[in-house]
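>>> Need the 3D shape of this:
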Amino acid sequence: MMMAAAGPAEAGLAAASSFSQEKTPIRWPKPIGSPVLESIRPVIENARDVHANVAKIVEVAGWMAYEELPMPEYHLPLGAGANNPNEAIDFIMVADVVDTAFTDFTTDVKFQVDYAGQHWSDSEAEFACIKRAMDQGIPILDGKYLAQLTRPEMAKIFAGNIEIPMLDEKLELWRQVGAALAEKYDGRFHNFIRSCSPRLYDNGNGMVERLVKEFPRFNDVSEYDGNEIKLYKLPQLGLWFVYTSLHKSGEFAIEDIHSMTAFSDYIVPVGLRLMGMTTYSQALEHTIDTHQLIARNSPQEIEIRAHTIYATALLAEEINKLREPNEQILIPQIDARIWTHYHTTNWPHHLTKTIMY
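Numbering: from 1, shown residues only. So this is what the prediction gives:
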């Protein structure tokens, strides 16, 4: 993706934070019908190491509202699924299953690959590897193939500058999901998607609801102070990619697309931190800046992810107050704006060894 120019509050921005243990007022975004946004309230109200700066969010909205902030149009690499909507769904969702951890946890080197005359990095490198496998005649979109995949085959598919991080975990995920697809949906994700309600949430039959129920790898939840926190990064992200790739052609619709939140990962928190919309405790900043691992499901990790969802939701709401009715944006457009600016930078992000993002 092309990187847009930095906004006025980003140019030359220093990373120093003004974290304070004093609680700042929390202004909750209006409900959007998302159980994800609803579930994170206990984290935002009781966080110890991450705070949201509401005043800064309003300030950033004051200039970001006048950026274009287009609806992303994700083009799958090298024409994958260009003339076949079902193949596009299969490609995106198969990739989504293993769309996790692209930075080596020891060396801090990002996974990259050169293919078809282009250089690909991070998750885009993963997509390129899957297209390369397709070009080599590997039936990589078929769950029956994925269910029987071996480690040497997996390593060959993801040959790049380094061994793709968490290769063994990714292999197991493809095997599990492939077996479930082969058993119920003739091996294809598009058969699963087409069997769902055209909504994210619909009394248990929505696409997100069924993804997290039928495929445990998508059940991205954590416990914080006894509360279940729903984060749902990958189930939402996969469906967002499908939506932005196919909705213009009328091949795919999500009736409650407004219920989608940000995709809480490693990269978006970097942008929020650099622009001052979130601040971290000194201890957490030191942990991140020195590339130390933060445990999965630890309070710090949950607070980083929950504040990503909260800050982007409030930012989108504030931006929409300043835009015309026909220029209203969705929260994932904010996610895309921040991710595209920071995913290839070397600013340190938190490191957590997890299959969820």
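>>> any weak-confidence spans in this protein?
For the chain, the stretches flagged by pLDDT under 70 are 1-24.
>>> Which secondary structure element is home to the residue nearest the centre of it?
Centroid-nearest residue in the chain, with Cα atoms, centre = their mean: Phe263, separated by 3.5 Å. Using DSSP states H and E, Phe263 is not contained in any helix or strand.
>>> so how far is Pro198 from it?
Remark: distance between Phe263 and Pro198 (Cβ to Cβ, to the nearest Å) = 20 Å. For every residue, glycine as well, the C-beta is placed using N, CA and C.
>>> cool, Ile130 as well?
For Ile130 relative to Pro198 (Cβ to Cβ), the value is 26 Å.
>>> Same question for Gly143.
Separation of Gly143 from Pro198 (Cβ to Cβ) stands at 23 Å.
>>> Ok, Ile355 next?
28 Å.
>>> Which of the two has more residues huddled nearby?
Counted by other Cβ atoms under 10 Å, Ile355 and Pro198 do not tie: Ile355 has more neighbours, with 19 against 15.
>>> Contacts only, for that one.
Shown in contact with Ile355 (Cβ atoms under 8 Å, 6 or more residues apart in numbering): Thr100, Ala101, Met166, Glu169, Lys170, Leu173, Arg217.
>>> could you redo the last one with a cut-off of 10 Å?
Ile355 sits next to 97-101, 166, 169-170, 172-173, 217-218, 220, 234, 296 when contact means Cβ atoms under 10 Å, 6 or more residues apart in numbering.
>>> Going by distance to Gly206, which of these wins?
For those, the minimum distance to Gly206 (Cβ to Cβ) is 12.7 Å, reached by Phe218.
>>> thinking the closest one is in contact with Val98, fair?
No. Checked against Cβ atoms under 10 Å, the pair Phe218 and Val98 is beyond contact range at 12.0 Å.
>>> Identify the contacts common to these two.
Leu173, Val177, Leu234, Ile355.
>>> In helices only, show me these.
Counting by DSSP state H, these place Leu173, Val177, Leu234 in helices.
>>> what about burial for those, which qualify?
Leu173, Val177, Leu234 (16 or more other Cβ atoms under 10 Å).
>>> Correct me if wrong: the first one contacts Ala95.
No. With contact taken as Cβ under 10 Å, Leu173 and Ala95 are classed as non-touching, separated by 11.5 Å.
>>> Who are the contact partners of the closest residue to Glu87 other than its chain neighbours?
Distance criterion Cβ to Cβ, 6 or more residues apart in numbering; nearest residue to Glu87, sequence neighbours excluded, is Gly81 at 4.2 Å. The contact partners of Gly81, by Cβ under 10 Å, 6+ apart, come to 75, 87-92, 131, 134, 141, 242, 245-246.
>>> now, the most widely separated pair of the residues you listed?
Across the contacts of Gly81, no pair lies farther apart than Met134 and Leu246, at 18.3 Å, counting by Cβ to Cβ.
>>> Excluding its own residues, what touches stretch 219-227? List them.
Stretch 219-227 has contacts (Cβ under 10 Å, 6+ apart) with 36, 39-43, 45-47, 211-213, 228-236, 264, 296-299, 301-303, 305-306, 354-357.
>>> And that stretch, what's buried?
By neighbour count with 16+ other Cβ under 10 Å, stretch 219-227 contains the buried residues Asp220, Ser222, Tyr224.
>>> that older thread, hang on, the residue nearest to Glu87 is in a helix, isn't it?
No. The assignment for Gly81 (DSSP: H, G, I helix; E, B strand; the rest coil) gives coil, which keeps it out of a helix.
>>> Relative to Glu318, how far out is it?
Separation of Gly81 from Glu318 (Cβ to Cβ) stands at 36 Å.
>>> cool, Gln236 as well?
Distance of Gln236 to Glu318, computed by Cβ to Cβ: 21 Å.
>>> Likewise for Val60?
Distance, Val60 to Glu318, using Cβ to Cβ: 8 Å.
>>> More neighbours: the two, which one.
The neighbour count for Val60 versus Glu318, taken as other Cβ under 10 Å, is higher for Val60 (24 against 20).
>>> you'd agree the more buried one is in a helix?
Yes. Assessed by three-state DSSP, Val60 belongs to a helix.
>>> what about Ile162, how many neighbours?
Residues lying near Ile162 (other Cβ under 10 Å) number 16.
>>> which residues touch it?
Applying Cβ under 10 Å, 6+ apart, we find Ile162 in contact with Phe102, Thr103, Asp104, Thr107, Val109, Lys110, Phe111, Gln112, Val113.
>>> Which secondary structure element is home to it?
Assigned by DSSP H and E, Ile162 falls within no helix or strand.
>>> Going along the chain from the longest helix seen in the chain, find the next helix or strand for me.
Longest helix in the chain, counting residues (DSSP H): helix 299-322. Next helix or strand after helix 299-322 toward the C-terminus (DSSP H and E): helix 331-342.
>>> Quick check: which helices or strands does that next one pack against?
helix 54-64, helix 233-246, helix 268-274, helix 299-322 (3 or more Cβ pairs under 10 Å, 6 or more residues apart in numbering; DSSP states H and E).
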